[in-house]
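A.B. asks: here is my input, please return the structure:
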Amino acid sequence: MLIKTYGSAVQGVNAYTITIEVNVSAGTKYFLVGLPDNAVKEGEQRIESALKQYGYKIPRQKIVINMAPADIRKEGSAYDLTIAMGILVASGQMSADRVSDYIIMGELSLDGSLRPVKGVLPIAIQARKQSFKGIILPAQNATEAAIVNNLDVIGVTTILEAIEFLDGKREIPPVVINTREIFQGTVDLYAADFADVQGQENIKRALEIAAAGGHNVIMIGPPGAGKTMLAKRLPSILPPLSMQEALETTKIHSVAGKLGEAASLLTTRPYRSPHHTISDVALVGGGGNPQPGEISLAHNGVLFLDELPEFKRSVLEVMRQPLEERRVTISRAKTSLDFPANFMLVASMNPCPCGYYNDPNKECVCGPGVVQRYLNKVSGPLLDRIDLHVEVTPVTFDQITATRKAEGSATVRERVEVARKLQTERFKEMPQVHSNAMMPSQMVKEVCQINEAGRTLLKTAMERLGLSARAYDRILKVSRTIADLADSETIKIEHLAEAIQYRSLDREGWAG
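C.D. replies: Model prediction:
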C-alpha cells in the first residue's frame with residue numbers, strides 16, 4: 001500500500017514541505033531514499049523501539065520510503081514521527097483519513113516519547129501558507145508554533161498520542177495563545193536600566209544618538225570605566241520591536257535552536273555578546289548545514305564585541321560586508337542562503353594593552369609604539385563603518401556615591417522613539433530603510449543638506465583628521481540624527497560639530 005505523509009525541511013530561515021512516500025509490499029528489507037543524512041537513516045532503530053512500547057511494529061515486508069523532493073538534503077532526527085506515521089498507515093495499522101491534513105515532525109526516544117525539534121516557527125508558517133489543516137509536533141514546541149494563527153497546533157508527548165489522534169481515537173485540543181497579549185505585555189521588559197548608571201553623561205548621550213539613528217558605536221577607555229555596563233543597557237532605550245520584527249527575530253532563533261522550551265515569541269531586542277575567541281563561521285554563519293551566526297542572532301538588536309582588538313583579524317574583517325548590506329550570504333556548491341543581519345554594532349576596547357593610556361589616575365606602562373600597534377589591530381575600513389567613536393573616562397567617587405537618581409531608560413526611549421518616527425516618515429517611500437544609519441549614499445546629499453558655515457567646518461575636519469568619503473557620509477548621517485533628537489528640520493552647525501567630535505579614532509596621532 002502506498003501512502004504519503006508530510007514533513008518539512010528548513011534551509012536558511014525558510015521551510016520547505018517534504019513529502020514522505022511510504023510503500024509496503026511483498027518482500028523484505030527496508031529502503032530509505034531521497035538524500036537522507038545519517039541521522040535520518042538511524043531513525044529506523046528509534047522508530048522500531050518506540051512502536052514496540054505500545055504494541056505496534058515495523059512489518060517484516062519490503063518497505064520503501066522516498067523523501068521528496070530528492071534534490072534537497074534531509075538532515076536531523078525530526079523526521080522520525082513523520083516516517084513512523086507513514087509506515088503505520090501503509091501497513092494498515094492505523095487509519096489514513098487524517099494523515100494528509102497535517103505536517104508531522106518530531107524526534108523519537110526509544111521509549112516512545114518525543115523530543116523537541118529546531119525551526120518550528122518557519123515550519124508552521126510554511127504549513128499555513130500551503131493550506132494544511134494543522135501541524136503535529138512535540139508538546140515542548142507547541143507554544144512556538146502557536147504564534148501562527150489559522151493553524152491547528154497539536155502538541156503530543158508520546159508517539160501513542162499522535163497515533164490515536166490521527167486514528168480518530170483521541171481528541172487533542174489545539175494549542176492557542178494570544179500572541180498580541182504576550183507581545184504587548186513583555187515588549188519593554190528589560191532586566192537592565194540606564195538608571196543604574198551613575199555619571200558617564202557624555203557616553204549616555206552618545207548611546208542615545210546611536211539608538212535614535214541605528215548607528216554603530218565604539219567605546220574606548222580603561223578597565224572598569226563602565227563600557228560593558230552601558231552596552232548591556234543599550235537595548236532598553238531602543239524602540240520596542242514591531243510585531244513583524246519580533247517574528248523575523250524569533251524565526252532566526254528558532255532555526256538556530258536558541259529558543260528555550262515552551263518559549264514562543266521574542267518580544268525584546270536581542271543582545272549578543274560573543275567571546276573574542278569566536279571563529280569567523282560562528283560569527284557570520286555557515287557550516288556544512290548553514291546555520292545563522294551571531295550577527296544574525298543579533299538581527300533587530302545589538303551585537304556587543306568586548307575587547308575588540310583581541311578578536312582575530314579575519315573574524316572582524318568578515319563583518320565589513322554585512323555591516324553595509326544588513327544581510328549575509330552563505331554560498332555553497334549547490335545552494336546560496338541569505339540570513340538577515342540588521343544589527344547595531346557596539347564595540348569596546350582598552351586604549352592600550354595595560355589599559356591605562358590617558359587614564360588620569362593610573363600611569364600607562366606600555367613602551368613606545370605599543371599603544372599605536374595595539375590600536376592598529378582594528379583595521380581602518382572597519383573603523384570607517386563605525387559611526388561614533390566615544391572616549392570613556394573613569395567614574396569619580398562623587399559620581400558613584402551620588403544620591404540623585406540617574407535618568408531611566410524609559411525616559412530616554414521616549415526621545416529615541418520621537419526621532420525614529422521622524423525617520424519613518426522621511427523614508428516612507430523606501431521600505432528597506434528604517435533609520436538614518438541605513439540611508440543609501442544617494443539620499444545623503446538630499447536629506448543631510450548643510451549651510452556654508454557647516455560646509456567649511458566639515459572641510460576643515462576632513463583635512464585635519466584625514467577622513468575618508470565613507471566617514472564623511474557617516475558624519476552627515478549622525479548630524480541628521482542629532483538634529484532629529486533636537487526636532488530640527490535643518491542640520492545646524494552645532495549638530496555637525498557634535499557629530500565630528502565622535503570621530504576621535506580618526507585623528508592622526510591619537511595615541512601619541
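A.B. asks: residue 211: which element?
C.D. replies: Under the criterion DSSP states H and E, the helix or strand holding residue 211 is helix 201-213.
A.B. asks: who's in contact with the residue lying closest to residue 141 once chain neighbours are set aside?
C.D. replies: Of all residues not flanking residue 141 in the chain, residue 120 sits nearest, at 4.4 Å (C-beta to C-beta, 6 or more residues apart in numbering). C-betas here are computed from N, CA, C, even on glycine. By C-beta atoms under 8 Å, 6 or more residues apart in numbering, the residues touching residue 120 are 105, 137, 141, 144-145, 254.
A.B. asks: how about those residues in a markdown table, adding distance to residue 78?
C.D. replies: Formatted as a markdown table, the contacts of residue 120 follow (distance: C-beta to C-beta, whole Å):
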| residue | distance to residue 78 |
| --- | --- |
| 105 | 5 |
| 137 | 9 |
| 141 | 10 |
| 144 | 14 |
| 145 | 13 |
| 254 | 13 |
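A.B. asks: from those, which land in strands?
C.D. replies: Residues of these located in strands (DSSP state E): residue 137.
A.B. asks: what is the nearest of the contacts of residue 120 to residue 62?
C.D. replies: Distance to residue 62 across these (C-beta to C-beta) is lowest for residue 105, with 26.1 Å.
A.B. asks: can you get me a residue count around residue 416?
C.D. replies: Applying other C-beta atoms under 10 Å, we find 23 residues neighbouring residue 416.
A.B. asks: where's it relative to residue 215, distance?
C.D. replies: Distance from residue 416 to residue 215, counting by C-beta to C-beta, to the nearest Å: 12 Å.
A.B. asks: before we move on, what about residue 311?
C.D. replies: 20 Å.
A.B. asks: where does the closest residue to residue 145 other than its chain neighbours land in three-state SS?
C.D. replies: Spatial nearest neighbour of residue 145, excluding adjacent residues (C-beta to C-beta, 6+ apart): residue 124 at 4.1 Å. Secondary structure for residue 124, judged by DSSP: H, G, I helix; E, B strand; the rest coil, is helix.
A.B. asks: list the contacts of residue 124.
C.D. replies: By C-beta under 8 Å, 6+ apart, the neighbours of residue 124 are 103, 135, 144-145, 147-148, 151, 153.
A.B. asks: with adjacent residues omitted, what lies nearest to residue 218?
C.D. replies: Sequence neighbours aside, residue 347 is the residue nearest to residue 218 in space, at 4.4 Å (criterion: C-beta to C-beta, 6+ apart).
A.B. asks: which residues are in contact with the helix or strand containing that neighbour?
C.D. replies: Assigned by DSSP H and E, residue 347 belongs to strand 344-349. Strand 344-349 has contacts (C-beta under 8 Å, 6+ apart) with 210-211, 214-221, 227-228, 231, 234, 238, 301-309, 319, 323, 378, 385-386.
A.B. asks: show me the shaky parts of the stretch 351-500 of the chain.
C.D. replies: Within the stretch 351-500 of the chain, no stretch has pLDDT under 70.
A.B. asks: ah, wrong one, I meant the chain
C.D. replies: Judged by pLDDT under 70, the stretches of the chain that qualify are 185, 187, 261-263, 506-512.
A.B. asks: endpoints of stretch 360-369, how far apart?
C.D. replies: 20 Å (C-alpha to C-alpha, to the nearest Å).
A.B. asks: now do it: everything it contacts.
C.D. replies: For stretch 360-369, the external contacting residues (C-beta under 8 Å, 6+ apart) are 222, 352-354, 356-358, 371, 374, 393-394.
A.B. asks: next up, the contacts around the residue nearest the centre of the chain.
C.D. replies: For the chain, the residue nearest the mean C-alpha position is residue 297 (2.3 Å; C-alpha atoms, centre = their mean). By C-beta under 8 Å, 6+ apart, the residues touching residue 297 are 252-253, 256, 258, 270, 272.
A.B. asks: kindly recompute the last result at 6 Å.
C.D. replies: Residue 297 makes contacts with residue 272, as judged by C-beta atoms under 6 Å, 6 or more residues apart in numbering.
A.B. asks: what of residue 273?
C.D. replies: residue 304.
A.B. asks: same question for residue 159.
C.D. replies: Going by C-beta under 6 Å, 6+ apart, residue 159 touches 50, 112.
A.B. asks: before we move on, back to that, let's have the contacts of residue 124 in TSV, adding neighbour count and distance to residue 199.
C.D. replies: Listed next are the contacts of residue 124 as TSV, based on neighbours: other C-beta atoms under 10 Å; distance: C-beta to C-beta, whole Å:
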residue	neighbour count	distance to residue 199
103	26	55
135	28	52
144	28	42
145	31	47
147	23	42
148	21	46
151	21	51
153	26	50
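A.B. asks: need the max-distance pair from those residues.
C.D. replies: Taking C-beta to C-beta, the two most distant members of these are 103 and 147; they sit 15.2 Å apart.
A.B. asks: sorry, back to before: I'd like the next helix or strand past the strand holding residue 347.
C.D. replies: Reading on from strand 344-349 to the C-terminus, the next helix or strand found by DSSP H and E is helix 370-375.
A.B. asks: which residues touch that following helix?
C.D. replies: With C-beta under 6 Å, 6+ apart as the test, helix 370-375 has contacts from 309, 352-353, 357, 511.
A.B. asks: show me which residues of the next helix-or-strand element following that helix are buried.
C.D. replies: From helix 370-375 onward toward the C-terminus, using DSSP H and E, the following helix or strand is helix 380-384. By neighbour count on 16 or more other C-beta atoms under 10 Å, the buried set for helix 380-384 is 382-384.
A.B. asks: same question for stretch 195-203.
C.D. replies: Neighbour-count burial for stretch 195-203 flags 195, 197-200, 203 (criterion: 16+ other C-beta under 10 Å).
A.B. asks: hang on, the earlier thing: what about the contacts of strand 344-349, which are in helices?
C.D. replies: Cross-referencing the contacts of strand 344-349 against helices under DSSP state H gives 210-211, 227-228, 231, 323.
A.B. asks: which of those residues sit farthest apart?
C.D. replies: Greatest spatial distance in the ones in helices among the contacts of strand 344-349: 228 and 323, 21.2 Å, computed using C-beta to C-beta.
A.B. asks: helix or strand right after the longest strand along the chain?
C.D. replies: Longest strand of the chain, by residue count under DSSP E: strand 14-25. Helices and strands here follow DSSP H and E; after strand 14-25, the next one along the chain is strand 30-33.
A.B. asks: direction included, what does that next one pair against?
C.D. replies: Sheet pairing for strand 30-33, assigned by DSSP bridges, gives strand 62-68 (parallel).
A.B. asks: between the strand it pairs with and strand 14-25, how many degrees?
C.D. replies: Between the axes of strand 62-68 and strand 14-25, defined by axes from the mean of the first three to the mean of the last three C-alpha atoms, to 10 degrees, the angle is 160 degrees.
A.B. asks: list the buried residues of strand 62-68.
C.D. replies: Applying 16+ other C-beta under 10 Å to strand 62-68 flags 63-68 as buried.
A.B. asks: likewise stretch 476-484?
C.D. replies: If you call a residue buried by 16+ other C-beta under 10 Å, then stretch 476-484 has these buried ones: 476-484.
A.B. asks: now, the residues you listed that are in helices?
C.D. replies: Among these, the members found in helices (DSSP H) are 476-484.
A.B. asks: could I get those as CSV with distance to residue 157?
C.D. replies: Formatted as CSV, those follow (distance: C-beta to C-beta, whole Å):
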residue, distance to residue 157
476, 58
477, 53
478, 54
479, 58
480, 55
481, 51
482, 55
483, 57
484, 52
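A.B. asks: from the residues you listed, pick the one nearest residue 40.
C.D. replies: Nearest to residue 40, judged by C-beta to C-beta, of these is residue 477 at 48.9 Å.
A.B. asks: was I right to think the closest one contacts residue 433?
C.D. replies: No - counting by C-beta atoms under 6 Å, residue 477 sits too far from residue 433 to count as a contact (11.4 Å).
A.B. asks: so of the contacts of residue 124, which ones are in strands?
C.D. replies: Mapping the contacts of residue 124 onto strands (DSSP E) picks out 103, 135, 153.
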